[in-house]
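J.: Show me how the following folds:
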Amino acid sequence: MAWAPPPSAAKLYRPNAYVSLPAELDPATHDTSPEKLRAEAERLAIRSRLKRQYLLQLNDPSPPAVIENPALIRWAYAKSQNVYPTFRPTPRTSFLGAVYGLGPLLFWIFVLKADRDRQGKRIQEGKLKQPPLSVFF
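T.: Alright, predicted model coming up:
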């Protein structure tokens, strides 16, 4: 009686509910529908035209002063001007901003005021001699 080989790891693989499916195992990446192939071909053609235009400007014997790279312009815009997608003001972020911005300030105000009140009370009780007036402290 012959033993069957064990099933491969790919056949045993089951997607985890907490982790996204790797691109290699995603059925959508292997979809060869005509619309998807046509869209990929269009994107490739656009990329190749932009690359050719950029290389022509780069290798021109009398180049312009500034060679514009559309991808670089989009990237710079996304990094400098379009900050909304990377940060959204929510009640939680507003609260955390107030805690981290005002929290230390209010803490030190409380600590210094409590120390001053404690020292004033000890001076009034006669347990502490009042320090002479100093310019530096």
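
J.: ok, residue 72 to residue 78 distance?
T.: 11 Å (Cβ to Cβ, to the nearest Å). Where you see a C-beta, it was placed from the backbone N, CA and C, and this is true even at glycine.

J.: in this protein, which spans are helices?
T.: Taking DSSP state H, the helices of the chain run over residues 9-12, 34-58, 70-80, 91-125.

J.: How about the contacts made by residue 75?
T.: Contact partners of residue 75, counting by Cβ atoms under 8 Å, 6 or more residues apart in numbering, are absent.

J.: If I look at it, what pLDDT would I see?
T.: Listed pLDDT for residue 75 reads 86.

J.: Redo the helices of the chain as CSV? Include distance to residue 132.
T.: Below are the helices of the chain laid out as CSV (distance: least, Cβ to Cβ, whole Å):
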stretch, distance to residue 132
helix 9-12, 82
helix 34-58, 75
helix 70-80, 56
helix 91-125, 13
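
J.: Which one of those helices has the poorest average confidence?
T.: Confidence, taken as mean pLDDT, is least for helix 9-12 of the helices of the chain (a mean of 73).

J.: And for residue 67, the neighbour number?
T.: 13 (other Cβ atoms under 10 Å).

J.: now it, nearest residue through space, not along the chain?
T.: Excluding its sequence neighbours, the residue lying closest to residue 67 (Cβ to Cβ, 6 or more residues apart in numbering) is residue 57, at 4.7 Å.

J.: closest one to residue 22 among the helices of the chain?
T.: With Cβ to Cβ, the closest approach to residue 22 among those belongs to helix 9-12: 11.0 Å.
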